[in-house]
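Student: 3D, please:
(chains A and B)
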Amino acid sequence: MGKEIPSRSEDYSLWYNELVKRADLAEHSDVRGCMVIKPYGYSIWEKMQQALDKMFKDTGHVNAYFPLFVPKSMFEAEEQNAEGFAKECAIVTHYRLKNDPDTKGKLIVDPEAKLEEELVVRPTSEAIIWNTYKKWIQSYRDLPILINQWANVVRWEMRTRLFLRTAEFLWQEGHTAHATADEAVKETIQMLDVYAAFAEEFMAMPVIKGRKSEGEKFPGAVDTYCIEAMMQDGKALQAGTSHFLGQNFANAFNVQFAGKDGKLDYVWGTSWGVSTRLMGALIMAHSDDDGLVLPPKLAPIHIVIVPIFRSDDELEKITEKADQLSAALRKQGFSVKFDNRDTHKPGFKFAEWELKGVPVRIAIGPRDLENGTVEVARRDTKEKQVMKLDEVETKIPALLDDIQRNIFQRAKAFRDSLVTKVDAFEDFKRVLDEKGGFVLAHWDGTKETEAAIKEQTKATIRCIPLDAVEENGTCVYSGKPSVRRVLFARAY
RNA sequence: CGGGGUGUAGCGCAGUCCGGUAGCGCACCUGGUUUGGGACCAGGGGGUCCCAGGUUCGAAUCCUGGUACCCCGACCA
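Tutor: Residues are numbered from 1 along each chain as shown, chains lettered A, B, ... in the order given. Next comes the predicted model:
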């Protein structure tokens, strides 16, 4: 293993790939398009899951689990959705292998074990879930249904990248059913708000909430809402989506309920999800050329204590102090690692824990023992300070809070600096090429213009921001009238 | 799925053009000296050269096919 990872400015993609591997987050498996999420990476995902799961529960949702396999006929029931995903579905056609009669020790698919009906490996679960909801819903008294599931899904991607796009990925998908359109829309927006709050408060990643254009929305949805984040290379990343499904799936699966007046009506639906892609967002939003920078709220290890010693005797004395300090910090709910390996020098450990993004490092050496101090270093700014040993346990919580806040502020200042209003198409192209980031521009609302802009600039409409101000203008491409600016960017 | 590149020790790479004993750095093991920002010296272990065929006395090297990954495009969370 070399010492340095490639720098962001030299090769951003290489920096990202190397960082993911070197920080022990994930690696490519020998299965095409699929990755292994390693323990350190998975523990960050678990932190995300815990925070999100609590937010879902707090808003009245419960968890359940639906099958991985969806019969093809069930999958194709909602046509828009089926068409949208058709090109990237894995399909199970057989249920048995047998010994190859021609080659000893090899197996072949048993041609006699062909399934009556093929099974689609879920790229998303609307079909099986609405097929199930049909059995659960008769009356308005059965509504709403507010269910989430944590699951894996498969989308057969042509080109994959660790965390950002893999053939199989982990996510959560919420699927709710409501008696009125109004209630379903409120649910859609509520979950968008949950995602935005999670991104900003836990991931320390500022996001822009908005609605997708017709061309970018989820197949099968009436409206798709999203949160859009900005990465350090000036490309946007969709970090979460929340869909108002209207009655599309209820229609497709014939899910009706009797209202108070006894009349039958189709059920209104929503679905919403975030995936392990958030890991990619987290990495690209904050990390630097020395490695990961993790917000304390998602860091598996908050504080690492590194002893500096020459003799066993010194280590013993330092260990005593470190153990006391660890106990006091753990009591406050922090995760503390005492790195007492005698096989590596302190400098090596400093670099390694920086690579892994541990927010706070405490070094204790012979000088500190004499003076009753420790050296405290923060990962986000790399600043060091000497602290009285007996003050550490009271000062660390504020320091971690400050790191969490600072990471967010830094990301927000960066993001804000990359939001540019433009009115002329020449400027539009120039800003994308020279500066990158988000471009706020007027759009005439047609898919032809959207497609033409994408064709010529590689930029897509990321969203129509929910807080967009109503202002009269002319479309940056066609010159036709427009009433608000929309958010463009090149995106992951 | 199209264009380009790469696959050689755990990791990063040289060797391939021009066929002839498989190398380097890091990591690993042993011993010693070290330890406040990625230690040093000495010794040592480790290889189906991506896979399958072919050419050849002989293939990491040449030929054919396959496969995986990376970059650029198209598609997409």
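Student: distance of residue A:32 from RNA strand B?
Tutor: Here the criterion is CB to the nearest atom of the strand, to the nearest Å. By it, residue A:32 lies 4 Å from RNA strand B. Just so you know, the C-beta spots here come from the backbone N, C-alpha and C atoms, and that holds for glycine as well.
Student: Spatially, what comes nearest to that residue if we skip its sequence neighbours?
Tutor: Take residue A:32 and drop its neighbours on the chain: the residue closest to it by CB to CB, 6 or more residues apart in numbering is residue A:167, 6.8 Å away.
Student: swap in residue A:376?
Tutor: In space, and not counting its chain neighbours, residue A:376 is closest to residue A:387: 5.0 Å by CB to CB, 6+ apart.
Student: Then the one you found would be within a strand, right?
Tutor: Yes - following the definition DSSP: H, G, I helix; E, B strand; the rest coil, residue A:387 is counted among the residues of a strand.
Student: count of neighbours near the residue nearest to residue A:32?
Tutor: Here the number of neighbours of residue A:167 (other CB atoms under 10 Å) works out to 19.
Student: quick one: it and RNA strand B, what's the gap?
Tutor: When CB to the nearest atom of the strand is the yardstick, residue A:167 and RNA strand B sit 7 Å from each other.
Student: same deal with residue A:333?
Tutor: 25 Å.
Student: Can you get me a residue count around that residue?
Tutor: What residue A:333 shows, counting by other CB under 10 Å, is a neighbour count of 8.
Student: List phi and psi for it.
Tutor: Comment: the main-chain dihedrals of residue A:333 come out as phi 90, psi 10, following degrees, to the nearest 10.
Student: Now do it, the pLDDT please.
Tutor: In this model, residue A:333 is scored at 97, pLDDT.
Student: what about residue A:370, how many residues close to it?
Tutor: Under the criterion other CB under 10 Å, the count of neighbours that residue A:370 has is 8.
Student: Kindly report the same for the one 3 residues further on.
Tutor: Other residues lying near residue A:373 total 19 when counted by other CB under 10 Å.
Student: can you list the residues of the stretch 301-450 of chain A near RNA strand B?
Tutor: On the criterion CB under 7 Å from any atom of the strand, RNA strand B has as its neighbours in the stretch 301-450 of chain A the residues A:308-311, A:342-348, A:350-352, A:354-355, A:363-369, A:374-375, A:377, A:382, A:384.
Student: try it again with 6 Å
Tutor: When proximity is defined by CB under 6 Å from any atom of the strand, the stretch 301-450 of chain A lies next to RNA strand B at A:308-310, A:345-348, A:350-352, A:354-355, A:363, A:365-368, A:375, A:377.
Student: can you list the weak-confidence ranges in the stretch 1-150 of chain A?
Tutor: Within the stretch 1-150 of chain A, the ranges that satisfy pLDDT under 70 run A:1-3.
Student: Got the domain ranges for chain A?
Tutor: For chain A, whose domains are defined here by automatic domain parsing, the residue ranges read A:12-286, A:303-399, A:419-489.
Student: next one: the last one to chain centre, how far?
Tutor: For domain A:419-489, the separation from the chain centroid amounts to 25 Å (computed by CA atoms, centre = their mean, to the nearest Å).
Student: circling back: check the residues of the stretch 301-450 of chain A next to RNA strand B for burial and list the buried ones.
Tutor: Among those, those classed as buried by 16 or more other CB atoms under 10 Å are A:308-309, A:350, A:352, A:354-355, A:363, A:365, A:368, A:375, A:377.
Student: Would you mind measuring from the residue of the stretch 351-492 of chain A at minimum distance from RNA strand B to residue A:309?
Tutor: Among the residues of the stretch 351-492 of chain A, residue A:365 lies nearest to RNA strand B; the distance is 2.2 Å by CB to the nearest atom of the strand. Applying CB to CB, to the nearest Å, one obtains 7 Å for the distance of residue A:365 from residue A:309.
Student: quick one, helices of the stretch 351-492 of chain A?
Tutor: When secondary structure is read from DSSP state H, counting those that start in this stretch, the stretch 351-492 of chain A shows helices at A:366-371, A:389-417, A:425-434, A:447-457.
Student: Make CSV from the domains of chain A and add distance to residue A:405 to it.
Tutor: Written out in CSV, the entries for the domains of chain A read as follows (distance: least, CB to CB, whole Å):
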stretch, distance to residue A:405
domain A:12-286, 8
domain A:303-399, 10
domain A:419-489, 21
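Student: Please identify which of the ones you listed is closest to residue A:411.
Tutor: Across the domains of chain A, the minimum distance to residue A:411, taken as CB to CB, is reached by domain A:12-286, at 5.4 Å.
Student: Any idea how far apart the tips of the closest one sit?
Tutor: For domain A:12-286, the first and last residues are 13 Å from each other (CA to CA, to the nearest Å).
Student: any shared contact partners between residue A:365 and residue A:309?
Tutor: Taking CB atoms under 8 Å, 6 or more residues apart in numbering as the contact criterion, the residues that touch both residue A:365 and residue A:309 are residue A:318.
Student: so what's the residue nearest the centre of chain A up against?
Tutor: Centrality entry for chain A: nearest residue to the mean C-alpha point is residue A:278, 1.6 Å, by CA atoms, centre = their mean. When contacts are counted by CB under 8 Å, 6+ apart, residue A:278 is found next to A:48, A:199, A:203, A:239-240.
Student: Out of those, list just those in strands.
Tutor: A:239-240 (DSSP state E).
Student: what would the contacts of residue A:278 look like in JSON lines with neighbour count?
Tutor: Formatted as JSON lines, the entries for the contacts of residue A:278 read as follows, by neighbours: other CB atoms under 10 Å:
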{"residue": "A:48", "neighbour count": "20"}
{"residue": "A:199", "neighbour count": "25"}
{"residue": "A:203", "neighbour count": "26"}
{"residue": "A:239", "neighbour count": "26"}
{"residue": "A:240", "neighbour count": "27"}
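Student: Distance to residue A:68 added to the contacts of residue A:278, as CSV?
Tutor: Supplementary listing: the contacts of residue A:278 in CSV, determined by distance: CB to CB, whole Å:
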residue, distance to residue A:68
A:48, 22
A:199, 28
A:203, 28
A:239, 25
A:240, 23
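Student: re earlier: which of the domains of chain A has the highest mean neighbour count?
Tutor: Ranked by mean neighbour count, the domains of chain A are led by domain A:12-286 with a mean of 19 (mean count of other CB atoms under 10 Å).
Student: Distance from the chain centre to it, please.
Tutor: With CA atoms, centre = their mean as the basis, domain A:12-286 stands 12 Å off its chain's centre.
Student: again with stretch A:358-375
Tutor: Relative to its chain's centre, stretch A:358-375 lies at 36 Å (CA atoms, centre = their mean).
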